[in-house]
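J.: show me how the following folds:
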Amino acid sequence: AAIPVLVDMCKNNEPCLSIDNLIFDACTTEGIDATIQTALDASDSCTSTVAVEKMLMTGTYVVKEADAVIKSNYCQPCLGSLDLLEIGKCSYKHVKRAVKKQLANTQCNHDASTEILIHSSYNTESEVKDDIHLGCEAAWQNVVDQLNNDPDRSSSYIDMSATFDNTFMNEYVSGIGFLNTETGNFKGDDQEKHPTIGDGKTREAAQAIKDFRFGAKNAPPSANAKNSVLKADGIIPLNDCASQSIMCCFGRDRQSGDNNGNCGNDDNPDCDDADPGDNTDLCSAGDTVFPGDTEGAVHCHGLVWANDATHPSNLFKYNNFFYVSFFDHMVTRGYVEKAVDEAAFMCSCTEKLDVIVSRSDCTEIKISKSFTFGLNPSDKTIEISPSTANSDNDLDDLVVKFQECEGIDDNGQKQNNDLAAKANILHKNGILSEVSKNTIDSILVDACP
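T.: Here you go, the predicted model:
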């Protein structure tokens with residue numbers, strides 16, 4: 001009942017005070033209230049309250065909006081400008097953090113949000129937030145366009161090694177080819193029992209994978225998983241994924257000396273059909289059901305991406321696949337070959353594996369890229385662009401990072417390193433379709449029937 005009364009008062013009355021005659025030395029809400037209260041106390045005839053007076057003077061019907069109008073139009077800035085402000089990640093939080101850092105060198109008596117309002121043409125903090133969000137989307141689209149149009153930022157498996165052509169890669173994801181069938185380590189230090197074997201191709205392949213993961217010295221961006229967009233055209237099992245996800249399920253450990261799997265351990269010193277670290281229960285593959293633990297040790301690991309082609313999880317999905325399959329599991333852990341012969345592939349779109357498992361580990365993409373915040377000099381609206389602070393190239397500080405997935409279980413509780421849980425959070429955020437989530441849930445069943 002109080003709100004309609006206040007609205008009627010604001011519609012039918014004039015303010016006692018003139019806002020143009022007030023000096024707001026302290027532009028916090030408390031400081032604004034104190035300035036108005038002092039002026040009201042000096043007026044013998046005014047019976048208005050601070051809240052009503054603020055709304056009457058600003059022509060608003062909400063106290064918070066009145067505060068924002070005063071901060072935006074009647075307060076003095078503490079900084080000379082907010083132009084070309086390096087904000088790191090692109091969000092309202094990071095803009096405020098950058099402004100707060102600048103204010104720390106002043107005697108300012110208001111916060112970063114107020115400073116942004118004073119410099120800009122916006123009347124409310126929500127307007128600032130909305131425009132920063134739109135500005136960040138446009139700035140990221142700028143980055144995506146540059147990535148897609150710059151041949152030095154596009155990479156393929158053949159860029160890593162001439163060995164990794166489409167024929168080889170289609171064999172690799174099927175669990176065959178020399179990298180899958182050999183036994184030996186990728187360490188480059190021939191061990192007496194488990195040497196790096198082959199006619200040199202194995203060691204060369206491992207080095208090519210490491211170079212692409214970390215970037216070889218003086219190599220162009222296209223030879224680096226951290227700075228380019230990896231393509232997988234022609235690798236048929238990895239394309240047209242209805243589940244918007246890829247999963248690998250490995251059945252053998254080919255490498256000793258890495259503290260993963262049992263190759264070279266006391267229980268399997270000769271690495272004969274050694275087992276990977278078991279992290280799931282294989283319920284079935286094709287038409288074959290595996291009751292209990294009859295499938296043996298199986299290790300599954302996957303990734304899932306958003307609907308939007310410009311979302312980092314989608315744009316860099318094959319970078320993520322490279323990391324999961326080639327680097328993290330084969331070269332680092334020695335995990336190779338299909339989980340069981342009845343599986344369609346070792347790695348593929350999750351629905352193409354033709355398996356049902358209890359769960360899968362998960363890796364996600366995180367992007368490090370800096371942006372610059374400023375205000376249009378003519379209308380004081382927000383402008384955000386990719387940062388070129390340390391280079392003439394907008395993309396030189398772009399880094400693709402790989403980390404354990406963050407997700408939620410079916411009850412909304414935090415659950416990390418789990419493919420189904422990552423799909424849950426993408427779906428909750430509206431960026432994974434219902435069809436894709438249901439497809440994933442039909443394959444990752446939590447417990448075998």
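J.: from here on, just use CA atoms for contacts and neighbour counts.
T.: OK.
J.: nearest residue to the middle of this protein?
T.: Computing the C-alpha centroid of the chain and ranking residues by C-alpha atoms, centre = their mean puts residue 366 first, at 4.0 Å.
J.: please name the bridge partners of that residue.
T.: Taking DSSP bridges as the rule, residue 366 bridges to residue 401.
J.: isn't it right next to residue 400, touching?
T.: Yes: counting by C-alpha atoms under 8 Å, residue 366 touches residue 400, with 6.1 Å between them.
J.: rounded mean pLDDT for stretch 424-440, please.
T.: Averaged across stretch 424-440, the pLDDT comes to 97.
J.: for that stretch, how far is the first residue from the last?
T.: Here the two ends of stretch 424-440 are set 10 Å apart, with distance taken as C-alpha to C-alpha, to the nearest Å.
J.: can you pull the contacts of the residue nearest to the centre of the chain?
T.: Counting by C-alpha atoms under 8 Å, 6 or more residues apart in numbering, residue 366 touches 312-313, 400-403.
J.: type out the PyMOL command that picks the buried ones from the residues you listed.
T.: Selecting only the buried entries of the contacts of residue 366 in PyMOL, with 16 or more other C-alpha atoms under 10 Å as the criterion:
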select buried, resi 312+313+400+401+402
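J.: can you lay out the contacts of residue 366 as a markdown table showing pLDDT and distance to residue 340?
T.: Output for these, formatted as a markdown table (pLDDT from 0 to 100; distance: C-alpha to C-alpha, whole Å):
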| residue | pLDDT | distance to residue 340 |
| --- | --- | --- |
| 312 | 96 | 33 |
| 313 | 97 | 29 |
| 400 | 95 | 33 |
| 401 | 96 | 31 |
| 402 | 97 | 28 |
| 403 | 98 | 28 |
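J.: with distance to residue 237 as added columns, please give the contacts of residue 366 in TSV.
T.: Output for the contacts of residue 366, formatted as TSV (distance: C-alpha to C-alpha, whole Å):
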residue	distance to residue 237
312	21
313	19
400	24
401	24
402	22
403	24
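J.: residue 223 contacts residue 215, doesn't it?
T.: Yes: proximity of residue 223 to residue 215 meets the contact threshold set by C-alpha under 8 Å, at 6.6 Å.
J.: pLDDT weak spots in the stretch 1-150 of the chain?
T.: Scanning the stretch 1-150 of the chain for pLDDT under 70 picks out 1-12.
J.: try it again with 80
T.: Where the stretch 1-150 of the chain drops to pLDDT under 80, the residues are 1-13, 25-26.
J.: just to check, residue 94 is in contact with residue 85?
T.: No: using C-alpha under 8 Å, residue 94 makes no contact with residue 85, being 10.6 Å away.
J.: show me which of those two is the more surrounded one.
T.: Using other C-alpha atoms under 10 Å, the more surrounded residue of residue 94 and residue 85 is residue 85, with 19 against 16.
J.: that one pairs with what?
T.: On the basis of DSSP bridges, residue 85 takes part in beta bridges with residue 373.
J.: which one's the longest helix in the chain?
T.: For the chain, the helix with the greatest residue count under DSSP state H is helix 125-149.
J.: ok, then the element right after that one?
T.: Per DSSP states H and E, the first helix or strand lying C-terminal to helix 125-149 is strand 154-155.
J.: what's the mean pLDDT across the helix or strand following that next one?
T.: Sequence-wise, the next helix or strand downstream of strand 154-155 (DSSP H and E) is helix 157-160. Helix 157-160 shows a mean pLDDT of 92.
J.: for helix 157-160, packing partners?
T.: Helices and strands touching helix 157-160, by 3 or more C-alpha pairs under 8 Å, 6 or more residues apart in numbering; DSSP states H and E, are helix 201-214.
J.: what does the helix it packs on contact?
T.: With contact meaning C-alpha under 8 Å, 6+ apart, helix 201-214 is reached by 160-161, 163, 178-179, 186, 188, 196-197, 223-226, 323, 326-327, 331.
J.: ok, stretch 292-300 next?
T.: Stretch 292-300 is contacted from outside by 247-252, 275-282, 339-340, 359-361, using C-alpha under 8 Å, 6+ apart.
J.: weed out the non-buried ones from these.
T.: Neighbour counting by 16+ other C-alpha under 10 Å classes 247-252, 275-277, 279-282, 339-340, 359-361 among these as buried.
J.: out of the residues you listed, list just those in strands.
T.: Assigned to strands by DSSP state E, the following of the buried ones among the contacts of stretch 292-300 qualify: 247-252, 282, 361.
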